[in-house]
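**Student:** Sequence and predicted structure are below.
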Amino acid sequence: RGSKTGVFVGSSGEESRMFSKSLNENPELPFGTSLSMLSNQISFRYDLHGPSLSVDTACSSSLVALNEAVINIKSGRCDAAVVATIQLNLDPDVSKRYNQLGMLSADGICKSFDASANGYVRSEAAVVVFICKESFARRIYGNILDVQINSDGNKEQGVTFPSGIVQEQLLRQTIKGAGVDPKSIVYVEAHGTGTAAGDTQELNAIDRVICTGRTERPLLIGSVKSSLGHTEAASGLSSIVKVLLAAQYGTLPGNLHFHNPNSNVPGLTSGRLKVVDRNIPWEGGIVGISSFGFGGANAHTILEVNIQTNETHAIELPLIVPFSATTADAIDFALSFVQDREIIGLLHVIHNFDIPGHSFRGFCLPETSTVEIQERFLTDASIQTWFVFSGMGSQAKRTGRDLMCFKEFRKSIKKSAQALTPCGIDLIGYLTDRTNPDESLILYTTTCICAIQIALVDVLRSVEIFADGIFGHSFGEVA
């Protein structure tokens, strides 16, 4: 907190904005669904003072965000960076339009690099990585040797058609920036959407750049989209996570649905390019990762990844390991990992702060051979349930309408409506949008807030949830 850490988010947030229109007319929705707030909210929540920005380049968004993060760290604008991405498929109409354009697989399978490839499957993901200079790193999963971006520019075939020539230029540019020999690259995590045009253009570019003069062994290629689907804006970081986890566990996962190589890619048919079609042991090395936006915004990064080795150091002095949790079982589970130094380090960081709701606290003193666990239970009191009734400001048009389908809620509202009828108030009509009174009248606002909260209590009572105490704020005191 308070550090010069940047936040860089890659996302295409249009579906959130479309989906929000079907919700209530909350005046804060434009802020919550704004693309800029994806990064700005993280900076706000964690009090981070480095650059905070969001980028949208369609499917290459997250790798372009990584490029921005690397540039800002190198220039000194920030000391470290949170690079994040999210893809949520909230609006079915978007998928419908993509399908009409022929982008989606008719059989629901992403067959990257296969002769029968016929499109991709839309998927969702949320990915966050933390990057900093190597000298400041506590744990290293991989080193970013270089990351570059470029654009297709004008194309005769149209804006969405991929340009293999420009992708080739990007590969050469990134390899030069990384200072590596193309023949030293052991694996490429391709964009590999499983479209006939996309796979052909991309693989032929890879073949021309990396496989020229390659005689000792074929270049291994793969695409996480065959397993995960196409996470679109999040696909770049999804590919990075795949590669990092593969190195950590020493296994490179095989591509699914690959049976016959794309005949339009000579590198595949000749064996210069080899699709990893089964899980194989892997020691990592220098890898390339591509991500291309459908508007022609391209990104490529070269990483050096290695198998993670966790060294165990003998504990010469008594070590206190503090931990708190909501249950005693959680204490036992956490303290069973006291010999794992990485987990212990994490526990120390987390439990420097008091955590609300953690009524159980434990600690242990690990020694070289034996571990003695001591537990202290802060309280054995049963958890109490309190009902808090909100006041003015919690109202919104049509609040409670969907809850009318529940019998107990509807029954309670009808009872309140009967009591209000002599006062000329149509409670049910207002809640169901049947009537449209002046919303500025405090009469309707207060009666609705009160009636809905009473109905919610009746619903809770029907399932035997009772309050040990109640608290009302403002007009909530009436309820």
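**Tutor:** Received, thanks. Numbering: from 1, shown residues only.
**Student:** Would you map the helices across the stretch 251-400 of the chain?
**Tutor:** In the stretch 251-400 of the chain, helices defined by DSSP state H, counting those that start in this stretch lie at 266-270, 328-335, 341-350, listed in chain order.
**Student:** average pLDDT for the longest one?
**Tutor:** I take that to be helix 341-350. For helix 341-350, the mean pLDDT works out to 72.
**Student:** That helix vs helix 328-335, what angle?
**Tutor:** Orientation check (axes from the mean of the first three to the mean of the last three C-alpha atoms, to 10 degrees): helix 341-350 against helix 328-335 gives 130 degrees.
**Student:** Export only the CA atoms of helix 341-350, formatted as CSV.
**Tutor:** What follows is the C-alpha trace of helix 341-350 in CSV, where atoms were taken according to Å, rounded to 0.1, in the frame of the first residue of the first chain:
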residue,chain,number,x,y,z
ARG,A,341,8.6,-22.0,4.0
GLU,A,342,6.7,-20.3,1.2
ILE,A,343,3.3,-20.9,2.9
ILE,A,344,4.8,-19.7,6.2
GLY,A,345,6.0,-16.5,4.6
LEU,A,346,2.5,-15.9,3.2
LEU,A,347,0.9,-16.5,6.6
HIS,A,348,3.3,-14.0,8.2
VAL,A,349,2.3,-11.3,5.6
ILE,A,350,-1.4,-12.0,5.9
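**Student:** List the buried residues of the helix or strand that Ile175 is a member of.
**Tutor:** Using DSSP states H and E, the secondary-structure element containing Ile175 is helix 164-178. Neighbour counts over helix 164-178 (16 or more other C-beta atoms under 10 Å) mark 164, 166-172, 174-175, 178 as buried. Every residue, glycine included, has its C-beta placed from N, CA and C.
**Student:** returning to that earlier point: which stretch among the helices of the stretch 251-400 of the chain comes nearest Ala197?
**Tutor:** Of all the helices of the stretch 251-400 of the chain, the one in closest proximity to Ala197, counting by C-beta to C-beta, is helix 266-270 (15.5 Å).
**Student:** what sits opposite the most centrally placed residue in the chain in the beta ladder?
**Tutor:** Computing the C-alpha centroid of the chain and ranking residues by C-alpha atoms, centre = their mean puts Ala126 first, at 1.1 Å. The partner list for Ala126 in beta bridges (DSSP bridges) reads Ile86.
**Student:** wait, it sits on Thr231?
**Tutor:** No - with the criterion set as C-beta atoms under 8 Å, Ala126 and Thr231 do not qualify as a contacting pair; they are 9.2 Å apart.
**Student:** Touching both of those two, which residues are there?
**Tutor:** The overlap between the contact sets of Ala126 and Thr231 (C-beta atoms under 8 Å, 6 or more residues apart in numbering) consists of Gln87.
**Student:** Pull the number of nearby residues for Ile147.
**Tutor:** I think there's a mix-up here, since residue 147 is Val and not Ile. If you count neighbours by other C-beta atoms under 10 Å, Val147 ends up with 23.
**Student:** circling back to that earlier point, can you list contacts of the helix holding Ile175?
**Tutor:** Outside helix 164-178, the residues within contact range by C-beta under 8 Å, 6+ apart are 145-153, 182, 185, 200-202, 204-206, 208-210, 286, 288, 290, 292, 296, 298-302.
**Student:** Buried deepest among the helices of the stretch 251-400 of the chain, which one?
**Tutor:** Across the helices of the stretch 251-400 of the chain, the average number of neighbours (mean count of other C-beta atoms under 10 Å) peaks for helix 266-270, which reaches a mean of 18.
**Student:** chain center to that one, what's the gap?
**Tutor:** Here the centre of mass of C-alpha atoms in helix 266-270, compared against the chain's by C-alpha atoms, centre = their mean, to the nearest Å, lies 36 Å away.
**Student:** quick one on the thing from earlier: export the buried residues of helix 164-178 to a markdown table and append columns for pLDDT and distance to Val459.
**Tutor:** Output for the buried residues of helix 164-178, formatted as a markdown table (pLDDT from 0 to 100; distance: C-beta to C-beta, whole Å):
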| residue | pLDDT | distance to Val459 |
| --- | --- | --- |
| Gly164 | 97 | 60 |
| Val166 | 98 | 59 |
| Gln167 | 98 | 58 |
| Glu168 | 98 | 63 |
| Gln169 | 98 | 63 |
| Leu170 | 98 | 58 |
| Leu171 | 99 | 60 |
| Arg172 | 98 | 65 |
| Thr174 | 98 | 58 |
| Ile175 | 98 | 63 |
| Ala178 | 98 | 61 |
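**Student:** export those to TSV and tack on distance to Tyr444?
**Tutor:** What follows is those, written out as TSV (distance: C-beta to C-beta, whole Å):
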residue	distance to Tyr444
Gly164	63
Val166	60
Gln167	60
Glu168	66
Gln169	64
Leu170	60
Leu171	64
Arg172	67
Thr174	62
Ile175	67
Ala178	65
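**Student:** Nearest to Ser226 among those?
**Tutor:** For those, the nearest to Ser226 is Gln167 (19.8 Å; C-beta to C-beta).
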